[in-house]
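>>> only geometry, no sequence info:
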């Protein structure tokens, strides 16, 4: 059973995951998509770590929850992103980004293997995001290692 706070983290992760696809809707922001994916990765790690801290406080299994949340978010997010990339406005921007390529050829490139590409992407990204979620949630909830204090008469104090 998914708790409400876990659901909130899941929704936030879904928004972060699918967000860069919105940049494909404008020729001005189209080129920022790659950088947005990097920022998405960093934000996802932070959100998974925070989820792990929350789960530790509730005494829940962090890695398992992170794995399931990551898998679900990647599957849904990939579907949403693929849908956004095939909206008419995104298609027009895609065609504009390929100067010298005929419109029919650009549309064929976009739609040729749309379903199989989406399924394969969801499987691949699902596995990677699930592993990221499991590790980052585990990491976020781990116990901190305390440094051993040095005796006052030690010649090299710990800083």
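Great, that's in hand. What you see is a predicted model; the values in this text were computed from it and never measured.
>>> and the helix or strand bottoming out on mean pLDDT in the chain, what does it pack onto?
The helix or strand of the chain with the poorest confidence is helix 103-111; it has a mean of 89 (mean pLDDT, DSSP states H and E). Here helix 103-111 touches helix 88-96, going by 3 or more Cβ pairs under 8 Å, 6 or more residues apart in numbering; DSSP states H and E. Just so you know, the C-beta spots here come from the backbone N, C-alpha and C atoms, and that holds for glycine as well.
>>> helices and strands around the helix it packs on, which ones?
Contacts defined by 3+ Cβ pairs under 8 Å, 6+ apart place helix 88-96 against helix 103-111.
>>> Quick check: what element follows the helix it packs on along the chain?
helix 114-140 (DSSP states H and E).
>>> so how far is that following helix from its chain's centroid?
8 Å (Cα atoms, centre = their mean, to the nearest Å).
>>> In contact with the residue nearest to the spatial centre of the chain, which residues?
Centroid check for the chain by Cα atoms, centre = their mean gives residue 17 as the closest residue, at 4.1 Å. By Cβ atoms under 8 Å, 6 or more residues apart in numbering, the residues touching residue 17 are 40, 44, 73, 74, 77, 81, 129.
>>> repeat for residue 14
Residue 14 neighbours (Cβ under 8 Å, 6+ apart): 73, 76, 77, 80.
>>> Now it: phi and psi?
Dihedral angles of residue 14 (phi, psi; degrees, to the nearest 10) stand at phi -60, psi -40.
>>> which non-adjacent residue is nearest it?
residue 73 (5.1 Å; Cβ to Cβ, 6 or more residues apart in numbering).
>>> what's around the one you found, how many residues?
28 (other Cβ atoms under 10 Å).
>>> Look at residue 28 and report its pLDDT.
Per-residue confidence at residue 28 stands at 93 (pLDDT).
>>> Report how many residues lie close to it.
The number of residues near residue 28, taken as other Cβ under 10 Å, comes to 9.
>>> quick one: secondary structure of it?
Put simply, residue 28 is coil when judged by DSSP: H, G, I helix; E, B strand; the rest coil.
>>> so residue 58 touches residue 52, yeah?
No: assessed by Cβ atoms under 8 Å, residue 58 is found out of contact with residue 52, at 10.9 Å.
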